[in-house]
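Novice: sequence first, predicted coordinates after that:
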Amino acid sequence: MKFCWVTLHVKDINVSLRFYQEVLGLELVRRVKPLPTRELAFLSAEGGETQVELVQNTAQDNNALQKTADDHVDHSNDISFGKDISLGFEVPSLEGFQEELSKHGIPIHAGPIQPNPTIRFMYILDPDGLLVQLVERSSSGD
């Protein structure tokens, strides 16, 4: 079995694309509009197999809106993520990446945290409030 992608519903696909491309360095694989009210964009790290799928639904009519588990139409356009969900990306250096975050005006949400000698990480938020974990690995524990 191959893990293909993780889907994120976003409020503004253009804002999210800028974040994932310019801040995190992901590459746009493809961008499609399968319906007049829905746009999809797939991004991947260089050489990465797993992709991030961004979905923006601009539907205003009941036919295009997603239905909830009890089969009622969900009219909410709110984007909601569980508080314990995050995406993780490895970076060469947390300090170096902090400079990049500053250029884009993105604050550090939490960290840096070093749970053991070989790993450090910190969190930022994407444009819709999803936790994004930035991880630095060290082979020697320096």
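Specialist: Received the coordinates, thanks. Treat the numbers as computed from the prediction; the structure is a model and nothing was measured.
Novice: same for the lengthiest helix in the chain, what does it pack against?
Specialist: Counting by DSSP state H, the longest helix found in the chain is helix 94-103. If contacts are counted by 3 or more CB pairs under 8 Å, 6 or more residues apart in numbering; DSSP states H and E, helix 94-103 sits against strand 119-125, strand 131-137. Glycine gets a C-beta too; all of them are placed from N, C-alpha and C.
Novice: give me the contact list for the first one.
Specialist: The one in question is strand 119-125. 86, 88, 94, 98, 101, 106-114, 131-138 (CB atoms under 8 Å, 6 or more residues apart in numbering).
Novice: would you list the buried entries among the residues you listed?
Specialist: Among the contacts of strand 119-125, those buried by neighbour count (16 or more other CB atoms under 10 Å) are 86, 94, 98, 101, 106, 108, 131, 132, 133, 134, 136.
Novice: who does the first one bridge with?
Specialist: It refers to residue 86. residue 131 (DSSP bridges).
Novice: list the contacts of it.
Specialist: Residue 86 sits in contact with 123, 130, 131, 132, 133, where contact means CB under 8 Å, 6+ apart.
Novice: same list (these) but as a markdown table, adding distance to residue 42 and pLDDT.
Specialist: Formatted as a markdown table, the contacts of residue 86 follow (distance: CB to CB, whole Å; pLDDT from 0 to 100):
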| residue | distance to residue 42 | pLDDT |
| --- | --- | --- |
| 123 | 24 | 95 |
| 130 | 17 | 91 |
| 131 | 21 | 93 |
| 132 | 17 | 94 |
| 133 | 21 | 95 |
